[in-house]
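*Asks:* sharing a sequence plus its predicted fold:
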Amino acid sequence: MLAFSGRSGVSKDTLRNLRETGEAVLNTVSENMIEAVNATSVDAPHGVSEWVLSGLTTVPSTTVKPARVKEAVFSIETKLLKIVDFDASEPSQNSHGCLALLEATRFWVREDAIDEQKRHIDLEKLRPVGQLGGIAYSRVTDTFELPRSSWDRATKETPELVKLRDDESL
């Protein structure tokens, strides 16, 4: 799922391209790429290549036509399933947002960033950055693990769940 915020009634190029082609590549932005990515936020006219603005390198995708970013540690080639549009909250506003539901068709992970079992991406290599809105960004620099309980254990330890477990109408 990919969310787009409204922008004065004008679709962002990424959304416009997604609507026209039905394909996209999602590239995780890492700290080492943030200045290049920020360069693409300039209010250039439609049709100006963000590749030129960013200085990032294109690499051909294998399942979709859009290129992926060579410098990205993690990328996902996708095909559009559906776009859900949201109208502006007030009639005087032209902007709206939408959610794009995408199907992943190919994953790319830089070899040095994934473990030997090919199950986990090294956070120190990925160093992801998220855009919070406007000019605010966040870094993901720390993780922690939280063990999950099993239904059997939870129903033994919590009286309310015992009632649920034993309720045959569920």
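*Replies:* Happy to help now that I have it. What you see is a predicted model, and the numbers here were worked out from it, not measured in a lab.
*Asks:* using the three-state scheme, assign Phe107.
*Replies:* strand (DSSP: H, G, I helix; E, B strand; the rest coil).
*Asks:* Thr143 now?
*Replies:* Secondary structure, three-state DSSP: Thr143 is coil.
*Asks:* tell me how far it lies from Ser49.
*Replies:* Distance of Thr143 to Ser49, given as C-beta to C-beta, to the nearest Å: 35 Å. (C-beta placed from N, C-alpha, C; glycine too.)
*Asks:* between the two, tell me which one has more neighbours.
*Replies:* Neighbour comparison, Thr143 and Ser49: the larger count goes to Ser49, with 11 against 6 (by other C-beta atoms under 10 Å).
*Asks:* state the pLDDT value of the more buried one.
*Replies:* At Ser49, the model reports a pLDDT of 89.
*Asks:* how about low-confidence regions in the protein?
*Replies:* 6-11, 88-95, 168-170 (pLDDT under 70).
*Asks:* just the helices from it, written as ranges.
*Replies:* Assigned by DSSP state H, the helices in the chain fall at 13-21, 34-39, 50-54, 123-126, 151-157, 159-166.
*Asks:* so which of those helices is nearest Val84?
*Replies:* For these, the distance to Val84 is smallest for helix 13-21, at 12.3 Å, taking C-beta to C-beta.
*Asks:* elements contacting the closest one?
*Replies:* Helix 13-21 sits against strand 23-27, strand 74-86, strand 97-109, with contacts defined as 3 or more C-beta pairs under 8 Å, 6 or more residues apart in numbering; DSSP states H and E.
*Asks:* now do it and strand 23-27, the angle between them.
*Replies:* Here the directions of helix 13-21 and strand 23-27 differ by 150 degrees (axes from the mean of the first three to the mean of the last three C-alpha atoms, to 10 degrees).
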